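[1] requesting a structural model of the entry that follows:
(chains A and B)
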Amino acid sequence: MSVRVRFAPSPTGYLHVGAARTALFNFMFAKHFAGTFILRSDDTDEARSTEEFQVDILEHMRWLGLDWGEGLEVGGPHGTYRQSDRYERYWAVALSLVDSGHAYYSFATADQLEAFKQEARANGTSPAYDGTLEPERAEVSRRMLDGDGPVIRFRVPRPGSTEFTDLVRDEMVFDHVQVDDFVIMRSNNTPTYHLASTVDDVDFGITHVIRGEDLLSSTPKHILITEAMGAERATYGHLSLLMGPDGKKLSKRHGDTALSAYREAGFLPDAMNNYLALLGWSPGEDETLVALDDMISRFDGTSISRNPAVFDPVKLEWMNGVYIREMSDDAFVAVARPLIEADLGRELEVDEVSDLAALAPAIKERTKLLAEIPDQARFLFVAPETYDDKAWSKVMETPEAPVALGAAVEVLESLAEWTTTAIDGALRSMLETNGLSAGKGFQPIRVAISGSTVSPPLFESIEVLGLDETLKRIERARSLLL
RNA sequence: GGCCCCGUCGUCUAGCGGCCUAGGACGCUGCCCUCUCAAGGCAGUAGCGCCGGUUCAAAUCCGGUCGGGGCUACCA
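    Okay, the predicted model is just below:
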């Protein structure tokens, strides 16, 4: 049987890094076994689900390149893949479960359940609701006629236990005494997650359910429903949760968790995938940088780490820098150009694009986040109007600065050919003839042309800027020195 | 409280009884390279939570303990 896995986020929040990792693991697993990766929307929480979140999830799944072969928007044999469109089906299952005695109507109130729990605690017995309040058949019909809306609960067989072999945790056993008679259909006639998710997994022929560890203790419930439906259970695999630097479950208070924030900050999807895959999984001996295709060929769902992993943005940034450096110049220009144009508020001319391309290798090497590009490239397209205060006082207000700038103008003007090597040679001999150190002699020029003491390499920058522009900038700085 | 999961450098991890005086990566420190900043090269820093047990031999197996996490909703 071919592998069918699903990623089924609830649109109750933006796609966050933890969910993205779960999606990635499912994706890699499906691809590895040439199976089907399905994207579903578990939107049974009507109060918290929004279309905005749904759009965000879809958008960022696509951004990561985790394409699904079946599911939301792309369709398939199972409708819209939104649970909110399948309520009739869940109802039918719930009713048949009641008919078969696997489930029953319940009027138990929150207060009663709370009292049960308190008593259990006092007696030292399991606090999981055991269905002792189950009403008689006659009472059910009478109260329903009175307009009392019951919930439907699953009748967990006790004594008993559910055992399963978890893909990452091996043998698991849950005593049913610890599993409550959980609600499968709410009093407002909507299904709960346990029901909807399980019915979908059964109906869609899901073979492997790979999800977060937060669902581990709910798994017996899902297996119970599955088997009550007369279906074959899937293989379950529970991934450890992602943590913040303080060891607590990763959440907003740890900073950005939404994928959109990382995208906007200038992370590359390839870097994101590579990093996320390493959280709980290792591609092999001593390897860190691995392309997605490579990971897919090695990821078979075994040897997934059981311990929780701390999400470390610093390492992600390093990795992103590596991926940026590995981009071709063309690819780099393609992503850099719109960012620069947005920063400039205008489109780049054709020759400006070539300037950017010429300096691409130098800029790539200095970029960890795409969002840093405009700051680095701006001087190529607009002359500095102001200069960094500290830079000015440190390198311009020195006795050497006017000497260096004046001499630079002279040698550059008389250059026979305009190449990096020629500029390099000319400027270095200028240093020598004036008895200047590289620091004292070059930094004023850098500040004059870039406005800052930090910039891409000087000679390349000058070459790209061209003689006229370079002289203009140096002269302007000189005039401010007087 | 109950049930469940987890415990190797600060962080991500390799390790699956002898190959471990525990390997790699990020970070950090130093040095080299160098026109700034980077990148790169080299070196260094730092870990098997603890206590018992099994064994000729334990990071690796077992028990306990401590610590962290999850679930305990008509959320998912």
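
[2] who touches stretch A:342-349?
    A:337, A:340-341, A:356, A:374, A:378, A:381-382 (C-beta atoms under 8 Å, 6 or more residues apart in numbering). C-beta coordinates here come from the backbone N, C-alpha and C atoms, glycine included.

[3] so among those residues, which ones count as buried?
    Buried residues within these, defined by neighbour count using 16 or more other C-beta atoms under 10 Å: A:337, A:340-341, A:356, A:374, A:378, A:381.

[4] which of the residues you listed fall in strands?
    Using DSSP state E, no member of the buried ones among the contacts of stretch A:342-349 sits in strands.

[5] what two of the residues you listed have the greatest distance between them?
    Greatest spatial distance among those (C-beta to C-beta): A:337 and A:378, at 13.3 Å.

[6] from the contacts of stretch A:342-349, which is closest to residue A:321?
    The shortest approach to residue A:321 among the contacts of stretch A:342-349 belongs to residue A:374, at 16.8 Å (C-beta to C-beta).

[7] surely that closest one meets residue A:338?
    No: applying C-beta atoms under 8 Å as the test, residue A:374 and residue A:338 come out as separate, 10.3 Å apart.

[8] helices - which of the contacts of stretch A:342-349 land there?
    Counting by DSSP state H, the contacts of stretch A:342-349 place A:337, A:340-341, A:356, A:374, A:378, A:381 in helices.

[9] how about those in CSV, adding pLDDT and distance to RNA strand B?
    Shown next, in CSV, are the ones in helices among the contacts of stretch A:342-349 (pLDDT from 0 to 100; distance: C-beta to the nearest atom of the strand, whole Å):
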residue, pLDDT, distance to RNA strand B
A:337, 98, 21
A:340, 98, 18
A:341, 98, 23
A:356, 98, 17
A:374, 97, 16
A:378, 97, 14
A:381, 97, 18
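
[10] any chance of TSV for the contacts of stretch A:342-349, columns distance to residue A:294?
    Below are those laid out as TSV (distance: C-beta to C-beta, whole Å):
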residue	distance to residue A:294
A:337	29
A:340	32
A:341	34
A:356	31
A:374	33
A:378	37
A:381	38
A:382	42
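
[11] apart from its chain neighbours, what residue comes closest to residue A:21?
    residue A:276 (4.4 Å; C-beta to C-beta, 6 or more residues apart in numbering).

[12] tell me how far that neighbour lies from residue A:214.
    18 Å (C-beta to C-beta, to the nearest Å).

[13] just give the number of residues close to the closest residue to residue A:41 other than its chain neighbours.
    Spatially, and ignoring its direct neighbours in sequence, residue A:41 is nearest to residue A:82 (4.5 Å; C-beta to C-beta, 6+ apart). Applying other C-beta atoms under 10 Å, we find 17 residues neighbouring residue A:82.

[14] residue A:318 against residue A:368, yeah?
    Yes: between residue A:318 and residue A:368 there is a contact under C-beta under 8 Å: 7.3 Å.

[15] between the two, who's got more neighbours?
    Taking other C-beta under 10 Å, residue A:318 and residue A:368 do not tie; residue A:368 has more neighbours (20 against 14).
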